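A.B. asks: just a sequence and a predicted model for now, questions to come.
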Amino acid sequence: MQEETRKKPELVCPAGTPAAFRTAVDAGADDVYCGFQNATNARNFPGLNFMLDELEEAIDYAHRHGTKVLLALNTFPPAGQTQLWKQAAADGARLGVDAFIVADIGVARHITEKHPGQRLHLSVQAGAPSVEAIKFYCEEFGVKRVVLPRILTVPEIKSLKSEIPCEIETFIFGNHGLMAEGRCSLTNYATGYSTNMDGVCSPAGDVEYKEDEDGNVRSRLADFTIDCFGCGQNAGYPTICKGRYHAPHRDDAYYAFEEPVSLNLAGLLPDLIEAGVDAFKIEGRQRSRAYVRAVVEAWRKAIDDVVEGKPPEIADLLAFTEGQKQTQGAFQSKKWR
Amino acid sequence: MAARDLARFKDVPKHLLRPVPAWVYTPFLQRAAGHIARKHPRLFRRLGPHSHKNFLIQFTNLPFVLLLQPHPGHVRIEVFRDARHVEYDAKISGSFLDMLRLLDGRMDGDAIFFSRALRVEGDTEAVVSLRNALDDVEGSIAGDVADLFGAPGRAGLSFLRRIEA
Amino acid sequence: MDAQLTLGPVLFNWDPEKWRDFYFRIADEAPIDTVYVGEVVCSKRAPLFEPFIAETIERLAKGGKKVVFSTLAEVMLPRERKMTEDLCAADEYMVEANDASALYRLRGKPHCVGPFVNAYNEETLAVLAELGAKHFTLPPELPGEAIPAMAVAAKRNKVSLEVQVYGRLPLAISARCYHARAHGKMKDNCQYVCGEDADGMPLKTIDGQDFLVVNGVQTLSHLCLCLMGELGVMRKAGITAFRLSPHSHDMVGVAHLFRDVLDGKAEAAQATRKLEKMRPDMPLANGFFYRKPGHMWITGDTAQAA
């Protein structure tokens, strides 16, 4: 692709509430993604997401500011219960969302048939990291953009870009999932709520923090202790893949999957743009508007800087990261694997 | 972050508030809560089933606790000397200034939780729900409350906000 | 149609000879109709048992077993794409697709859809059936209450349905190898440490509670799925094949227990007690079937009510 014809990459920002939505638009988001207050999206958390009237107002606000609205419809309806997803698709189409972010094959087919012409993005929850997997969704459902799983290195993304017929969106900041998205039943195993079917991961209703006399806090998910934090140590949310466990030949409990860290690809931004990434996604629909404001503003500036040929300056976002630690995850090197 | 600053200023509000008995605040808070409820009806819709829960708010550096019952139509806030005889579904503890920042939408709940400045016990889902509902209130709840008391209110809030700056 | 008993692919990294001997014994002794063979978890392991595949297949066929080849659950690297392409290209056997890249390669020819493909509902089933799928193994977390609707769609689309009824539950897959991580190594220099744990490496919580097991890039339940008591309900709903997921203990014995219950020669409760005794270190669970936490074991009245 010719350097000069390349489009400026879009900044895709999260919104869990109408206030966060307007904050993201004001802070310079090109696209804002959000979902309904039910199981049709992968951040079905208490007190979060949009009712119909709220989405209508949000779309109006976004469109008046030249921002696009992406509706996350990215969970997997269990057989016999697909009506909720169909209703969400009909509502989204009627209110004029700019694209649907889908993961389920049946949902994708339904939208192409019942709402032809609607733009489809393939959610990270579909877990499509290979040329063939992506082509499957492009050729069968006309998917226009794929959100890549967070497991590829920059050179791998670059090579992928040259072989697929759609846009690429990658995560640049936020919670760093360890398991292949859309293929994790750990939460369901512990709590009975499914990430794929209910849109939850470590649901708050099953989360408990227990503090002992010495000030140690045990974080628990349903019947299982996920981690323990000593005084002064940073706490983490009890996500199973970020917990500490005992294994036979380890003397102490260790982070068997990953430490509580967040993804921050600030250092790789120029390389990712060079690799041909079309859109950068900030994770965090469950986070506050203070997070949205700070993070979106910082990345807006960084992307603008790189596009103008300036070295990007990223504001210090460490305070917003889990465990107040950050990583470049799989993106920088295969050693992560 | 402001841990250093907090250490430096943590006694200021305590010093200001200590001489007054707890019950004095209840009518003031009750009035403020009613005002917020009327101004932001969507807050309760967002709370959903959790609007019938009781939230205990404990300021780590103040000599009283608050009991918040965000029931639609009749929000109650009561002040107690301590938490010993108060029944609650969820308890949130943190410094007065961190709570103010949260209410102001100037600080991220997850971020201060990760730093352990904010602690949650009991019904975590209710707390998450309350956090999300409050976060959707645009402008500043603290500002709304201060406005209730006119110029002195605004001056007081402005003073408190300067502490952390 | 008679209820079929199937054997899922070996998920763990067993010595190639042990792997071969396991299948030989299945071929000769197990009352199993279909055997799924192939590396599903880690592409690095596939070459290890490749030399034994031909004789294994032959023996299974001689034992009257239908053989289906399973593809990798996660396909990303060039060698993984190549493996999947090669497997899907052959015409002499059925292939079970476990990711979208295999679905892409198998379009237009008869194939199976494996439990690692997210076929959660009747619309997804219909799309995949249109593309050539003939048989589906449902995702392990899909609850029993979804089966009737799936069965109606299966009938309409002329495909058959299978459910895993025994073995540790596959819960997650990742690009990172947690076996290597536990041994302070990385995936690229893992030295196949996963070979040390025939049924996975146990992870206990910091309180010492059994929780999960790690199998290379895969995470499974510590508990062992058992849907012996649910076989009748599932058959009535339209499930025609029941999958046992291999472990290092006596799988021929496990197969006989399930076969006897399917044939009405044994009581489910009694057979379940025998299963429990076989592996006291792997207690049974069936929560997913009842839309409850997967680690739960639901029996009697509770199961009736659900």
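C.D. replies: Structure's in. What do you need?
A.B. asks: okay, which residue is most central for chain B?
C.D. replies: Nearest residue to the geometric centre of chain B (Cα atoms, centre = their mean): residue B:99, 5.4 Å.
A.B. asks: not counting its neighbours along the chain, what's nearest residue A:89?
C.D. replies: Nearest residue to residue A:89 in three dimensions, chain neighbours excluded: residue A:111, at 5.2 Å (Cβ to Cβ, 6 or more residues apart in numbering or on different chains). C-beta here means a position set from N, CA and C on the backbone, and glycine is covered the same way.
A.B. asks: the one you found contacts residue A:102, doesn't it?
C.D. replies: Yes. Between residue A:111 and residue A:102 there is a contact under Cβ atoms under 8 Å: 6.7 Å.
A.B. asks: who touches both of those two?
C.D. replies: Residues touching both residue A:111 and residue A:102 (Cβ atoms under 8 Å, 6 or more residues apart in numbering or on different chains) are A:73, A:120, A:141.
A.B. asks: check what pLDDT the first one gets.
C.D. replies: Among the per-residue scores, residue A:73 holds a pLDDT of 98.
A.B. asks: surely it touches residue A:88?
C.D. replies: Yes. When contacts are counted by Cβ under 8 Å, residue A:73 is listed as touching residue A:88 (5.6 Å).
A.B. asks: those two: which is more packed in?
C.D. replies: Applying other Cβ atoms under 10 Å in any protein chain shown to residue A:73 and residue A:88 shows that residue A:73 carries more neighbours, namely 29 against 24.
A.B. asks: what sits against that one?
C.D. replies: Contacts of residue A:73 (Cβ under 8 Å, 6+ apart): A:35, A:40, A:41, A:85, A:88, A:89, A:92, A:100, A:101, A:102, A:107, A:111.
A.B. asks: tell me the contacts of the last one?
C.D. replies: When the contact criterion is Cβ under 8 Å, 6+ apart, the partners of residue A:111 are A:73, A:89, A:93, A:100, A:102, A:118, A:120, A:141.
A.B. asks: for the residue lying closest to the last one once chain neighbours are set aside, what are phi and psi?
C.D. replies: Read that as residue A:141. Computed as Cβ to Cβ, 6+ apart, the closest residue to residue A:141 that is not its neighbour in sequence is residue A:108, at 4.2 Å. When read as degrees, to the nearest 10, the backbone of residue A:108 gives phi -60, psi -50.
A.B. asks: from chain C, which residue is nearest to chain B?
C.D. replies: residue C:293 (16.3 Å; Cβ to the nearest Cβ).
A.B. asks: for that residue, which three-state class applies?
C.D. replies: Following DSSP: H, G, I helix; E, B strand; the rest coil, residue C:293 is assigned to coil.
A.B. asks: my read: it touches residue A:191, true?
C.D. replies: Yes. Under the criterion of Cβ under 8 Å, residue C:293 makes contact with residue A:191 at 5.7 Å.
A.B. asks: which stretches of the chain have low pLDDT?
C.D. replies: Looking at chain A here, since you left the chain open. Filtered on pLDDT under 70, chain A yields the residue ranges A:1-6, A:231-232, A:234-235, A:315, A:318-319, A:321-324.
A.B. asks: hm, I was asking about chain C
C.D. replies: Using pLDDT under 70, chain C drops low at C:1, C:301-306.
A.B. asks: the residue of it found nearest chain A: which element?
C.D. replies: Here chain C gets closest to chain A at one residue, residue C:123, 2.9 Å apart by Cβ to the nearest Cβ. Assessed by DSSP states H and E, residue C:123 sits inside helix C:122-130.
A.B. asks: identify the residues contacting that helix?
C.D. replies: Applying Cβ under 8 Å, 6+ apart, the external contacts of helix C:122-130 come out as A:79-80, A:82, A:104-107, A:109-110, A:140, C:103, C:113, C:117-119, C:133, C:136, C:149-150, C:152-154, C:156-159.
A.B. asks: in helices, which of these appear?
C.D. replies: Within the contacts of helix C:122-130, residues falling in helices by DSSP state H are A:105-107, A:109-110, A:140, C:103, C:149-150, C:152-154, C:156.
A.B. asks: could you export the residues you listed as TSV, including distance to residue C:57 and neighbour count?
C.D. replies: Below are the ones in helices among the contacts of helix C:122-130 laid out as TSV (distance: Cβ to Cβ, whole Å; neighbours: other Cβ atoms under 10 Å in any protein chain shown):
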residue	distance to residue C:57	neighbour count
A:105	31	28
A:106	34	26
A:107	38	29
A:109	36	18
A:110	40	24
A:140	32	20
C:103	24	27
C:149	36	18
C:150	30	27
C:152	35	16
C:153	32	23
C:154	28	23
C:156	34	12
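A.B. asks: just give me the closest of those to residue C:186.
C.D. replies: Set against residue C:186, the nearest of the ones in helices among the contacts of helix C:122-130 by Cβ to Cβ is residue C:103 (30.1 Å).
A.B. asks: bridged to the nearest residue to the closest one once chain neighbours are set aside, which residues?
C.D. replies: Spatial nearest neighbour of residue C:103, chain neighbours left out: residue C:97 (5.0 Å); criterion: Cβ to Cβ, 6+ apart. Under the criterion DSSP bridges, residue C:97 forms beta bridges with residue C:113.
A.B. asks: what is the burial count for residue C:97?
C.D. replies: There are 27 residues near residue C:97, going by other Cβ under 10 Å.
A.B. asks: same question, residue A:212
C.D. replies: Residues lying near residue A:212 (other Cβ under 10 Å) number 9.
A.B. asks: where does residue C:147 sit: helix, strand or coil?
C.D. replies: helix.
A.B. asks: test my guess that it contacts residue C:238.
C.D. replies: Yes. Residue C:147 is within contact range of residue C:238, at 7.2 Å (criterion: Cβ under 8 Å).
A.B. asks: overlap in contacts of the two?
C.D. replies: Here residue C:147 and residue C:238 have residue C:161 as joint contacts, going by Cβ under 8 Å, 6+ apart.
A.B. asks: for residue C:171, which non-adjacent residue is spatially closest?
C.D. replies: Excluding its sequence neighbours, the residue lying closest to residue C:171 (Cβ to Cβ, 6+ apart) is residue A:185, at 4.7 Å.
A.B. asks: who touches the one you found in this structure?
C.D. replies: By Cβ under 8 Å, 6+ apart, residue A:185 lies in contact with A:194, A:195, A:196, C:140, C:141, C:169, C:171, C:172, C:288, C:294.
A.B. asks: any chance of JSON lines for the residues you listed, columns secondary structure and neighbour count?
C.D. replies: As requested, those are exported to JSON lines (DSSP: H, G, I helix; E, B strand; the rest coil; neighbours: other Cβ atoms under 10 Å in any protein chain shown):
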{"residue": "A:194", "secondary structure": "coil", "neighbour count": "27"}
{"residue": "A:195", "secondary structure": "helix", "neighbour count": "27"}
{"residue": "A:196", "secondary structure": "helix", "neighbour count": "28"}
{"residue": "C:140", "secondary structure": "coil", "neighbour count": "24"}
{"residue": "C:141", "secondary structure": "coil", "neighbour count": "26"}
{"residue": "C:169", "secondary structure": "strand", "neighbour count": "25"}
{"residue": "C:171", "secondary structure": "strand", "neighbour count": "24"}
{"residue": "C:172", "secondary structure": "strand", "neighbour count": "23"}
{"residue": "C:288", "secondary structure": "helix", "neighbour count": "27"}
{"residue": "C:294", "secondary structure": "coil", "neighbour count": "26"}
